[in-house]
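> Below: sequence and its predicted model.
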Amino acid sequence: MLAAALAPALAACGGGADERQDADEPEGKFPVDVVTAKFPTDQRLAETRDLRLEIENAGDEPVPTLVVTIYTGDEKASQPFSVRSDQPGLADPNRPVWILDEGFPKLVAPGGSGKGLSQAPTAGADVAQTDTFAFGSLAAGERKDIVWRVTAVVPGTYTVHYELAGGLTGKARAVTADGSPAEGEFVVTISDKPPRARVTGTGKVELEGG
């Protein structure tokens, strides 16, 4: 009897929490501008490259929470740089194409070149969706320059998609100047030939084409 009495109360508490979370996010369209979208379209196995998105709030109101979702291929996998395999009998159908470097994504300092990011703090709060990153509020006219550093581990041609949002609940939508969804993609070919390395006169290892 006690369990039966508690169940509706617990359900009500859970529903209230969800409603409060929705209420915290304003509903509407928030204009943004993707100032920079870069990811090399020709890559090699074992080569480390940067996917870079510089996003500006093009509206008059703050974007509640700048959210970026990244997925590879036509169907979303459990991780942003993985694809889903149709091979039967797999315990885990998700297969990584790129490995995301530890601590990434990271933010480039305003006016910075992106050098020295290895020592920069991580950015992009953890959220329930493992292919989604939240970067906090974005004031009117403010920009966030975001870098994901990845290493290719599987050859082939892949399409990497990115989608922007103004919040995590779907009420605040990020749109372009014409009101369409703020999104884009990169078509990337990974060669099965690993990059050739050379040692400079100072003893530094450099990758050709890197």
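Structure received.
> Output the below-cut-off pLDDT ranges for the protein.
Residue ranges of the chain with pLDDT under 70: 1-23, 89-90, 194-197, 203, 205-210.
> quick one: the helices in it?
2-24 (DSSP state H).
> Tell me which residues touch the closest residue to Asp101 other than its chain neighbours, please.
Nearest residue to Asp101 in three dimensions, chain neighbours excluded: Arg149, at 4.1 Å (Cβ to Cβ, 6 or more residues apart in numbering). Where you see a C-beta, it was placed from the backbone N, CA and C, and this is true even at glycine. Each residue near Arg149 by Cβ atoms under 8 Å, 6 or more residues apart in numbering is listed here: Thr48, Arg49, Asp50, Leu100, Asp101, Phe104, Lys106, Leu117.
> Could you rank those by neighbour count and give me the top one?
The most crowded member of the contacts of Arg149, judged by other Cβ atoms under 10 Å, is Lys106 (22 neighbours).
> which residues does it bridge with?
Here Lys106 sits in beta bridges with Val147, going by DSSP bridges.
> Tell me the spacing between the residue nearest to Arg49 when sequence neighbours are not counted and Ala134.
With sequence-adjacent residues excluded and distances taken as Cβ to Cβ, 6+ apart, Arg49 is closest to Pro40, at 5.1 Å. With distances taken as Cβ to Cβ, to the nearest Å, Pro40 is found 26 Å from Ala134.
> For stretch 138-149, list the C-alpha coordinates in CSV.
Provided in CSV are the C-alpha atoms of stretch 138-149 (Å, rounded to 0.1, in the frame of the first residue of the first chain):
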residue,chain,number,x,y,z
LEU,A,138,26.0,33.4,-26.1
ALA,A,139,25.4,37.2,-25.8
ALA,A,140,24.3,39.3,-28.8
GLY,A,141,27.3,39.9,-31.1
GLU,A,142,29.5,37.4,-29.1
ARG,A,143,31.4,34.6,-30.9
LYS,A,144,32.6,31.2,-29.7
ASP,A,145,35.4,29.6,-31.7
ILE,A,146,35.3,25.8,-31.0
VAL,A,147,37.8,23.1,-32.0
TRP,A,148,37.4,19.3,-31.9
ARG,A,149,40.7,17.6,-32.4
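> Buried residues, it. List them.
Under the neighbour-count criterion of 16 or more other Cβ atoms under 10 Å, stretch 138-149 has Leu138, Arg143, Lys144, Asp145, Ile146, Val147, Trp148, Arg149 buried.
> gap between the third one and Val34?
Taking Cβ to Cβ as the criterion, Lys144 is separated from Val34 by 11 Å.
> Please apply the same query to the fourth one.
Distance of Asp145 to Val34, computed by Cβ to Cβ: 11 Å.
> Identify the contacts common to those two.
Taking Cβ under 8 Å, 6+ apart as the criterion, Asp145 and Val34 both touch Leu53, Glu54, Ile55.
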